[in-house]
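Undergrad: how would this look folded up:
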Amino acid sequence: MKKVLQKVFGLGLAFVLTFGLVLPVAATDLNWAIAPQWDEAHAFSDGLAAVRVGNSDTGLWGFINTSGAMVIEPQFNQVGRFSEGFAAVRMNHYWGFINTSGDMVVEPQFRQARHFSYGLAPVQAGNDWGFINASGQFVIEPQFTEAGNFAQGLAAVRVGGWDTGLLGFINTSGVMVIEPQFDRAGDFAEGLAPVRTFSEYWSANRWGYINATGNLVIAPDFHDAGSFSSGLARVFADSGLGYIDTVGNMVIPAQFGMASAFNDGFAVVGKDTSGLIDTTGRFVLGEFLFDDGMAVHGFADGLAVVSRWGAYGFVTVGASTAPTAPPAAIHTPATPTTPIHTPAQAIYINGHRFALDVPPKNVDGHLLVPLRAIGEAFGADLTWVPDSQTANVHFWGTTVALQINNPAALVITAGVETIHYLDVVPVIEWGRTMVPLRFIGEIFGAEVRWEAPYAVINQVR
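TA: A predicted model of the protein is given here:
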């Protein structure tokens with residue numbers, strides 16, 4: 001397959017496509033705080049959790065409180081988490097911000113947006129990123145190719161083009177305090193930030209950690225790395241994902257195919273088994289085999305996000321462990337167009353879950369996945385032309401046209417058209433446009449490989 005790749009995100013993104021993180025315990029063996037009833041759900045933040053009503057193509061997102069009551073009605077195409085009293089939300093093609101009452105306080109106008117921290121939120125206006133305050137006014141003007149959130153007073157920003165630009169760190173006044181020198185970078189936490197050293201040869205790129213003065217204090221020995229929390233950071237070593245301490249010692253062995261950052265002392269991990277571990281690596285929820293179609297997806301504020309055959313609810317972890325029957329559901333999840341025989345599939349982006357509401361399809365050894373779920377995970381815009389059965393993907397100046405049952409994909413970048421011939425044609429399954437994972441991942445500038453039972457996608461540009 002001929003490839004033309006474009007520089008895309010470099011802010012510490014790692015993708016893992018998993019085939020269901022499963023828990024075999026019966027639903028009544030868990031201490032359900034909120035019954036499994038939503039079509040997708042995210043962990044709580046600021047006392048609110050995002051939930052989706054409807055499938056991934058047409059469903060809308062709203063927010064519930066810790067009692068399970070819908071306090072912000074489903075109306076958004078995509079949402080971020082609440083932070084400092086605000087959440088980024090997308091309506092149609094543009095992002096704005098709401099408050100905890102659901103009032104739109106910054107009108108949708110940005111191509112992309114991240115959450116608030118230190119009173120500032122990074123947003124993309126046109127092609128450049130800057131930082132706005134809670135009134136929607138730019139405090140740091142759009143000037144960066146990409147930008148991350150402020151953490152411990154510093155934010156990673158890319159200066160220069162996607163192909164040649166590098167990442168450094170600015171303070172809340174917009175002053176560059178760590179000069180651009182990194183290919184990729186994550187957020188500061190506990191005095192350290194993950195960074196990837198730059199090399200013209202991708203195989204030589206490795207992640208390590210710098211301190212607040214920009215000095216490398218943990219050697220770049222890892223394929224991927226996340227920010228610290230609870231004294232531990234997720235790293236991708238040769239043998240899998242594990243956790244290191246703040247001096248670089250591997251304290252929870254690299255053995256997992258999926259691992260999230262720790263939150264309040266717990267992290268979601270998975271491979272042949274899955275569940276929630278504490279900072280000693282002990283499973284506190286999970287470590288089970290297939291049964292009853294349950295999966296764990298996230299944790300915050302004492303509540304784990306758990307699904308049962310695609311219906312999402314919340315389980316209490318910590319203070320009370322006595323099992324309870326699920327309380328009555330308020331909402332009935334959307335019925336899929338075909339029975340689901342395996343737990344919900346997902347893409348994990350640094351531990352954040354993007355659901356696939358239909359299972360992947362294997363065609364002659366090539367994995368096909370629903371285009372909309374993959375595209376939205378990358379922040380792309382998608383349009384569908386029913387007459388020609390063509391899906392158009394728009395992402396950072398590149399348009400990809402994929403026609404059902406046609407092996408030729410049209411890629412347009414900077415006005416230049418290129419034809420890519422696919423190993424397997426796009427198809428429609430269960431009402432979804434299914435496309436080859438490897439092709440769409442690499443078009444988005446990612447390296448895709450298979451590490452059974454997972455398809456692992458690492459952002460390399």
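
Undergrad: Low-confidence stretches in this protein?
TA: Counting by pLDDT under 70, the chain shows low-confidence ranges at 1-29, 163, 199-204, 272-274, 286-293, 318-359, 377-378, 396-397, 414-416, 444-461.

Undergrad: Tell me where it has helices.
TA: In the chain, the segments counted as helices under DSSP state H are 371-377, 437-443.

Undergrad: Of those helices, which stretch is the most buried?
TA: Of the helices of the chain, the one with the most neighbours on average (mean count of other Cβ atoms under 10 Å) is helix 437-443, at a mean of 23. For glycine as for every other residue, the C-beta is placed from the backbone atoms N, C-alpha and C.

Undergrad: Asp46: which of the helices of the chain is closest?
TA: helix 371-377 (23.0 Å; Cβ to Cβ).

Undergrad: And stretch 381-393, what's buried?
TA: Applying a neighbour-count criterion of 16 or more other Cβ atoms under 10 Å, one finds 382, 390-393 buried in stretch 381-393.

Undergrad: Correction: the previous question concerned stretch 66-83.
TA: 68, 72, 74, 76-83.

Undergrad: now the end-to-end length of it.
TA: 16 Å (Cα to Cα, to the nearest Å).

Undergrad: need the contact list for Ala189.
TA: 151-152, 227-229 (Cβ atoms under 8 Å, 6 or more residues apart in numbering).

Undergrad: closest to Arg438 among the residues you listed?
TA: The closest of the contacts of Ala189, once distances to Arg438 are taken by Cβ to Cβ, is Ser227, at 28.5 Å.

Undergrad: shouldn't that closest one be in contact with Ser260?
TA: No. Counting by Cβ atoms under 8 Å, Ser227 stays clear of Ser260, with 11.3 Å between them.

Undergrad: Contacts made by stretch 78-93 with the rest, please.
TA: 42-43, 45-48, 50, 61, 63, 75-77, 95-100, 104-106, 108, 111, 113-117, 119, 121, 134, 376, 381.

Undergrad: These in strands, which ones?
TA: Residues of the contacts of stretch 78-93 located in strands (DSSP state E): 50, 61, 63, 75-76, 95-99, 104-106, 108, 113, 121, 381.

Undergrad: So what does the residue lying farthest from the centre of the chain have for phi and psi?
TA: What lies farthest from the middle of the chain is Asp387; by Cα atoms, centre = their mean that is 32.5 Å. Reported as degrees, to the nearest 10, the phi and psi values for Asp387 are phi -60, psi -40.

Undergrad: what's the domain layout of the chain?
TA: 22-341, 360-459 (automatic domain parsing).

Undergrad: most packed of those?
TA: Ranked by mean neighbours (mean count of other Cβ under 10 Å), those are led by domain 22-341, with a mean of 19.

Undergrad: Compute the distance between the nearest residue to Asp301 once chain neighbours are set aside and Arg81, please.
TA: Spatial nearest neighbour of Asp301, chain neighbours left out: Phe44 (4.4 Å); criterion: Cβ to Cβ, 6 or more residues apart in numbering. Separation of Phe44 from Arg81 (Cβ to Cβ, to the nearest Å): 9 Å.

Undergrad: Restricting the selection to alpha carbons, write stretch 238-257 to PDB.
TA: Extracted in PDB, the C-alpha atoms of stretch 238-257 (Å, rounded to 0.1, in the frame of the first residue of the first chain):
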ATOM      1  CA  ASP A 238       9.500  -3.900  25.100                       C
ATOM      2  CA  SER A 239       7.400  -6.400  27.100                       C
ATOM      3  CA  GLY A 240       4.200  -4.200  27.300                       C
ATOM      4  CA  LEU A 241       2.800  -1.500  29.500                       C
ATOM      5  CA  GLY A 242       3.800  -1.100  33.100                       C
ATOM      6  CA  TYR A 243       4.500   1.700  35.700                       C
ATOM      7  CA  ILE A 244       7.600   3.400  36.900                       C
ATOM      8  CA  ASP A 245       8.300   5.600  39.900                       C
ATOM      9  CA  THR A 246       9.700   9.100  39.800                       C
ATOM     10  CA  VAL A 247      13.300   7.900  39.600                       C
ATOM     11  CA  GLY A 248      12.600   5.500  36.700                       C
ATOM     12  CA  ASN A 249      12.300   2.200  38.500                       C
ATOM     13  CA  MET A 250       9.800  -0.200  37.100                       C
ATOM     14  CA  VAL A 251       7.600  -0.900  40.100                       C
ATOM     15  CA  ILE A 252       4.600  -2.600  38.400                       C
ATOM     16  CA  PRO A 253       6.000  -4.900  35.700                       C
ATOM     17  CA  ALA A 254       5.500  -4.100  32.100                       C
ATOM     18  CA  GLN A 255       2.900  -6.800  31.300                       C
ATOM     19  CA  PHE A 256      -0.300  -5.100  30.100                       C
ATOM     20  CA  GLY A 257      -1.700  -4.400  26.700                       C
END
